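Asker: predicted model follows, preceded by the sequence.
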Amino acid sequence: MQAAVAPAPSPPRRMARNVGRVPGAAGGMFKGSQVDPNDRWASIAVSPDQWLTWRQPVLVARMREQWSNNDHVKRYVDMCRQNIVGPLGILLQAKAKKRGGQLDTESNDAIEAWWAQWGRTGHCDVTGTYSWREIQDVCVATCVRDGEFLARKIYGKHAGPMGFSLQLIDPARLPIRYEALKWGDEGGFVRQGIEFNRYGRPVAYHFSSLDERDAYYYTLNGKGYVRVPAEEVIHVFKKEMVGQRRGLPWAATSLFGLHHLQGFQDAAVQNARASAAKMGFFEWDAGMGPDCDGDDEGEIYVDAEPLSFHELPPGARLKDWNPTYPSGEYAVFAKQVLRSIAAGMNVSYHSLTGDLEKVNFSSIRSGTLEERERWKQDQQFVIEQLCTPVFEEALKLALLAGRITVRGRPLSAEKYAEYRKVSWQGRRWAWVDPRADVESALSSIRGGLTSVSQVIREQGRDPQEVFRELAEDLVAMREAGLPEAFITQVLIGKVTGGNAPPANDENDEDNDHADAA
């Protein structure tokens, strides 16, 4: 019996030529997705690894060049340092509690005193030249300029008198174009100079060199790389894309405008200098002039002096050269470009340029308050990525070494989990509208919408320290013999100018009791 033969498959249908086109009214939707072969607008997404490997070194080099030559970039870096770190740095406030829930004041004071000692110049940095505030300052400036900050934890005798310090590392020592694959069960890889496991967790950092004798050269052919475990490295950068492994300069999107604005300004300055010089040229009539005789010795030079008159040779006449640029459009164009640059830096135009023309109180207050929220966010970024890991590592070693003592007895290392409870206080700024802001804060306190401690923290101070000062002031005023009614009125803010109201004023007494309640 003959086996059944399966029917031959039908030939595939030819695809219509208009596959991929969006028919009908939908073709006008999302015009930003339309691709024009004559347009250089990118239409294919690339991974953060691929983009950063080739673009980040160029951005860093150009940002460093602009920082050294461009006043606005220098101003931006200084603004970040002044507002994120400030004159005192980001301060630590220990918050350890006893078993009953009360603050452990003695232990907290001891931790804060040890931390202040560790942060002194010569203790927290392996070179002995930085204080903790200066390390924060360098961290912010490096992140703004290079996009990232690197430090290595140093232990033991090389770490200095406190047994633990940091070695600050130029990010250029971490070669971003060094890549490798590791085979085996774990299947790790090295990308942009960092070694990861198969899930993308950093395992180690591969530096070109960590020897300061090699600091002049960052590319050492034939010497390989120095592998440092990831737990010894602090790598600070803003993660703005999923899968991002290295940082970008904070003003990366503004670099294009900054470069061209700088060139525009240079050209305008040169043109203005030429215009101020008030030069002129001599023209010769046809058949006249030194070139006609083959002799160049007949060139004319005139030294201009006030009220002087000069006779020109036959056939020569003076032609003015009077450039008028830059004129009125220069300032308008520069201001418009700087507004775009300030937007890319996420700061207000008047803060970046110092230009307060046409600025009123409402607009500057709105811009200042919005900008301060940005600084608070950046302060939290530094706290999470630099301050907290450094403090916890230093505290762990200090407790094990018995360096933190209360009444001559070292704090127990077993209570590390409790002693690591701290809060960080970044710098704060003066009230924009002092009277209105203070009244608003007092109203919020009385309405139960906020606490006195929170208002004090917003002023950049430690509430415990303020309360302690108030208590000391109260004791000092009583010891000085001031009347109790006067002291009470001072504390609730009723007395102005240092004069107490009459003690027998019944209305004031009633008001004081109401306010106290």
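Answerer: On my side now, so go ahead. Numbering: from 1, shown residues only.

Asker: any stretches of the stretch 351-500 of the chain with poor pLDDT?
Answerer: Scanning the stretch 351-500 of the chain for pLDDT under 70 picks out 432, 491-500.

Asker: okay, strands next: where are they in it?
Answerer: Across the stretch 351-500 of the chain, reading from the start of the chain, the strands by DSSP state E, counting those that start in this stretch fall at 405-406, 409-410, 422-425.

Asker: ok, then the element right after the one helix or strand residue 142 maps to?
Answerer: Residue 142 belongs to helix 132-146 when assigned by DSSP states H and E. Taking DSSP H and E as the definition, the helix or strand that follows helix 132-146 towards the C-terminus is strand 149-155.

Asker: who's the closest spatial neighbour of residue 242, skipping the chain neighbours?
Answerer: residue 48 (7.5 Å; C-beta to C-beta, 6 or more residues apart in numbering). For the C-beta atoms, the positions are set from N, CA and C on the backbone; glycine is no exception.

Asker: and residue 225, by the same measure?
Answerer: Setting aside the residues directly before and after it, residue 225 is nearest to residue 206 in space (C-beta to C-beta, 6+ apart), at 4.0 Å.

Asker: what do you get for residue 460?
Answerer: Nearest-residue entry for residue 460: residue 428, 3.4 Å, with adjacent residues in sequence omitted and distances by C-beta to C-beta, 6+ apart.

Asker: ok, the one you found touching residue 459?
Answerer: Yes: checked against C-beta atoms under 8 Å, the pair residue 428 and residue 459 is within contact range at 5.4 Å.

Asker: tell me which of these two has more neighbours.
Answerer: Under the neighbour definition other C-beta atoms under 10 Å, residue 428 and residue 459 were set side by side, and residue 428 has more, 17 against 14.

Asker: please enumerate the helices of the stretch 151-300 of the chain.
Answerer: Across the stretch 151-300 of the chain, reading from the start of the chain, the helices by DSSP state H, counting those that start in this stretch fall at 255-277.

Asker: low-confidence stretches in it?
Answerer: 183-186, 213-223, 277-285, 287, 289-300.

Asker: can you rerun that using 90?
Answerer: Of all residues in the stretch 151-300 of the chain, those with pLDDT under 90 make up the ranges 157-158, 178-188, 198-199, 208-226, 243, 260-300.

Asker: for it, what spans make up the strands?
Answerer: For the stretch 151-300 of the chain, strands defined by DSSP E, counting those that start in this stretch occupy the ranges 164-169, 180-181, 189-191, 194-196, 202-207, 226-229, 233-236, 280-284.

Asker: what packs against the shortest one?
Answerer: Think strand 180-181. strand 189-191 (3 or more C-beta pairs under 8 Å, 6 or more residues apart in numbering; DSSP states H and E).

Asker: can you list the strands that the strand it packs on pairs with?
Answerer: Take DSSP bridges as the rule and strand 189-191 pairs in its sheet with strand 180-181 (antiparallel), strand 194-196 (antiparallel).

Asker: got the buried residues for stretch 245-256?
Answerer: Neighbour counts using 16 or more other C-beta atoms under 10 Å place 245, 246, 247, 248, 249, 250, 251, 252, 253, 254, 255 of stretch 245-256 among the buried residues.

Asker: between which two of those is the distance greatest?
Answerer: Farthest pair in the buried residues of stretch 245-256 (C-beta to C-beta) is 245 and 254. Separation: 23.2 Å.

Asker: ok so, going back, among the buried residues of stretch 245-256, which one sits closest to residue 159?
Answerer: residue 247 (26.3 Å).

Asker: quick check, that closest one in contact with residue 143.
Answerer: Yes: here residue 247 lies in contact with residue 143, judged by C-beta under 8 Å, at a distance of 6.6 Å.

Asker: any residues in contact with both of these two?
Answerer: Residues touching both residue 247 and residue 143 by C-beta atoms under 8 Å, 6 or more residues apart in numbering: 236, 237, 238.

Asker: from the residues you listed, list the buried ones, please.
Answerer: Applying the neighbour count, that is 16+ other C-beta under 10 Å, the buried entries in the shared contacts of residue 247 and residue 143 are 236, 237.

Asker: okay, the shared contacts of residue 247 and residue 143 in JSON lines with distance to residue 439 next?
Answerer: Output for the shared contacts of residue 247 and residue 143, formatted as JSON lines (distance: C-beta to C-beta, whole Å):
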{"residue": "236", "distance to residue 439": "40"}
{"residue": "237", "distance to residue 439": "41"}
{"residue": "238", "distance to residue 439": "37"}
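
Asker: nearest to residue 393 among the shared contacts of residue 247 and residue 143?
Answerer: Nearest to residue 393, judged by C-beta to C-beta, of those is residue 236 at 14.5 Å.

Asker: show the contacting residues for the closest one.
Answerer: Contact criterion C-beta under 8 Å, 6+ apart gives 139, 143, 148, 149, 150, 247, 382, 385, 386 as the residues in contact with residue 236.

Asker: distance between the ends of stretch 166-173?
Answerer: In terms of C-alpha to C-alpha, to the nearest Å, the two terminal residues of stretch 166-173 are separated by 16 Å.

Asker: mind listing what's buried in it?
Answerer: By neighbour count on 16+ other C-beta under 10 Å, the buried set for stretch 166-173 is 166, 167, 168, 169, 171, 172, 173.

Asker: any chance of the strands of the stretch 151-300 of the chain in TSV, with distance to residue 54 too?
Answerer: Output for the strands of the stretch 151-300 of the chain, formatted as TSV (distance: least, C-beta to C-beta, whole Å):
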stretch	distance to residue 54
strand 164-169	23
strand 180-181	17
strand 189-191	13
strand 194-196	17
strand 202-207	19
strand 226-229	24
strand 233-236	20
strand 280-284	50
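
Asker: right, and these - which one's nearest residue 336?
Answerer: Shortest separation from residue 336 across the strands of the stretch 151-300 of the chain is recorded for strand 233-236, at 34.3 Å, computed as C-beta to C-beta.

Asker: what strands flank that closest one, and is each parallel or antiparallel?
Answerer: strand 149-155 (antiparallel).

Asker: output the partner strand as CSV - backbone C-alpha positions only.
Answerer: The C-alpha trace of strand 149-155 is given here as CSV (Å, rounded to 0.1, in the frame of the first residue of the first chain):
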residue,chain,number,x,y,z
PHE,A,149,34.2,60.6,43.2
LEU,A,150,36.4,57.8,44.3
ALA,A,151,38.1,57.0,47.7
ARG,A,152,39.7,54.0,49.1
LYS,A,153,39.5,52.9,52.8
ILE,A,154,42.9,52.6,54.5
TYR,A,155,43.4,50.6,57.7
